[in-house]
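Visitor: structural data only, the sequence is not supplied:
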Ligand SMILES: Nc1ncnc2c1ncn2[C@@H]1O[C@H](COP(=O)(O)OP(=O)(O)OP(=O)(O)O)[C@@H](O)[C@H]1O
């Protein structure tokens, strides 16, 4: 059973924080994805946990004990990189056995453990092959076996699927998740791909400009983004500028009712946000004009001009569109980038 805890961790490059005052706890057996755009600080966070980068402030603990004074090799972690970093001149057996040999594990135990690790990643029987004789996906499985064979308490994955093609990525991420669950190993998985994060994580930690924005289970993160950044980053979202008068919030010709006191949004940029799948097309609401329509297989994406406001709507394939009026039942409101309240459609009087 292993936990990870970052407490007020900061890493500066010059004056600029790559990671700013990070507080994050990873529970025992939990898989947390660090998610965010390029340069947000994910890799720096992972490397601080692995011991390759020293934080400027704060503490990092594994199992409630600080690991800051331990070098990478002394930490109970194993790291899998984006590119399969296998030794080309060693066969698969020796690639996987390497860490055990360094630890002076007896030969028969090495054989047993390597066989077990290769079995776990579905590569039994390929011990004598060399890396160049394996596909990209197989090589990445070897890298995973090599990390797991030393029985780390915490598994660290740095964009482990980025160099694979789309189909293989999907397959391997399910395999990684299954292995992680089977072993119950505490895991930190870095990715910039939100679909990947949604599909494997117990919780997702979204980062932006070195700042942790929100940590939540995937469904909750999607339903209730805590900041405007998360709202825009996780899936498609309509984000429109709003103005509040009393209990009414307006954007274009849309009107919503809120119980947010107007004083709470005064002087801050107010935004209303709603998912394209929550846009209803019918005979009631704000008249819309379809500007473009894209067939995306199981649903259609419509871009509508609703009196000068551009709205994206997803319409499921089997659903006939009965009218060109747009209604949005529920919206999220953000002031100064932070979630402040929900609002609901004001019914026409
Ligand atoms: N050695 C370094 N020297 C100076 N700045 C650095 C160094 N390493 C990282 N940075 C900066 O710190 C910030 C965070 O980098 P980091 O690699 O952690 O981001 P990331 O989210 O992992 O991005 P990517 O997905 O592109 O790897 C970036 O602005 C980056 O330019």
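Guide: All right, it came through fine. These figures come from a predicted structure and were not determined experimentally. Numbers count the residues shown, from 1 in each chain.
Visitor: give me the distance between the residue nearest to residue 222 when sequence neighbours are not counted and residue 132.
Guide: Take residue 222 and drop its neighbours on the chain: the residue closest to it by Cβ to Cβ, 6 or more residues apart in numbering is residue 234, 5.6 Å away. (C-beta placed from N, C-alpha, C; glycine too.) The span separating residue 234 from residue 132 equals 39 Å under the rule Cβ to Cβ, to the nearest Å.
Visitor: in the stretch 51-200 of the chain, what residue is nearest the ligand?
Guide: Ranked by Cβ to the nearest ligand atom, the top residue of the stretch 51-200 of the chain for proximity to the ligand is residue 192, at 5.1 Å.
Visitor: show me what contacts that residue?
Guide: For residue 192, the contacting residues are 35, 36, 37, 38, 42, 159, by Cβ atoms under 8 Å, 6 or more residues apart in numbering.
Visitor: so which residues of the stretch 101-250 of the chain form helices?
Guide: 107-120, 136-148, 166-183, 194-200, 218-223, 228-233 (DSSP state H, counting those that start in this stretch).
Visitor: and the ligand, is the last one touching that?
Guide: No: Helix 228-233 stays clear of the ligand (Cβ under 6 Å from any ligand atom), getting no nearer than 12.6 Å.
Visitor: correct me, but residue 189 touches residue 26?
Guide: No: assessed by Cβ atoms under 8 Å, residue 189 is found out of contact with residue 26, at 10.5 Å.
Visitor: shared neighbours of these two, which are they?
Guide: What both residue 189 and residue 26 touch, as defined by Cβ under 8 Å, 6+ apart, is the set residue 32.
Visitor: re earlier: which of the contacts of residue 192 lies closest to residue 90?
Guide: residue 159 (23.9 Å; Cβ to Cβ).
Visitor: count the residues that sit near that closest one.
Guide: When neighbours are defined as other Cβ atoms under 10 Å, residue 159 has 19 of them.
Visitor: leaving aside the residues next to it on the chain, what's closest to it?
Guide: Closest residue to residue 159 in three dimensions, ignoring its sequence neighbours and counting by Cβ to Cβ, 6+ apart: residue 82, at 4.2 Å.
Visitor: residue 171: what's its closest spatial neighbour, skipping adjacent residues?
Guide: Nearest to residue 171 is residue 137, by Cβ to Cβ, 6+ apart, at 7.5 Å.
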